[in-house]
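A.B. asks: Would you be able to build a 3D model of this:
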Amino acid sequence: MASVQFEEIKYEPINKSAIKNPFLIRLVLGTGLLKTRKQAEILLLIISLIILFFSAKYIISFKENNTPRVIYREDISLEARATLPPDILAIYPSKFIK
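C.D. replies: Reported below is the predicted structural model:
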């Protein structure tokens, strides 16, 4: 057991400037509109919040408009009512007969 030797591994300290920026931050910085990484992060946060808001609004709109509009017999024009067979016309509810 005394003959076991270990090699020492030398670790280089991580330089923060050597860390690569994420793709979206590099993309925003590549436009030249923003100068620092912090500005790019804030812009991406604002964009993500806007997308989240409109997504939630879109999903909620499906729940609100879920009930179909009722078509009553009296809403159908007289010309169209004259062409409908009586059994089809009986399917539509009346405003006056409850």
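
A.B. asks: List the residues that contact G30.
C.D. replies: In this structure, G30 makes contact with no residue, judged by CB atoms under 8 Å, 6 or more residues apart in numbering. (C-beta placed from N, C-alpha, C; glycine too.)

A.B. asks: And the pLDDT for it?
C.D. replies: You'll see G30 listed with a pLDDT of 92.

A.B. asks: Please tell me how far it sits from L43.
C.D. replies: 13 Å (CB to CB, to the nearest Å).

A.B. asks: And K10, by the same measure?
C.D. replies: According to CB to CB, K10 and L43 sit 40 Å apart.

A.B. asks: The two: who's more crowded?
C.D. replies: Neighbour tally, K10 and L43, criterion other CB atoms under 10 Å: the higher count belongs to L43, 17 against 5.

A.B. asks: Can you give me every residue that contacts the more buried one?
C.D. replies: Per CB under 8 Å, 6+ apart, neighbours of L43: V28, L34.
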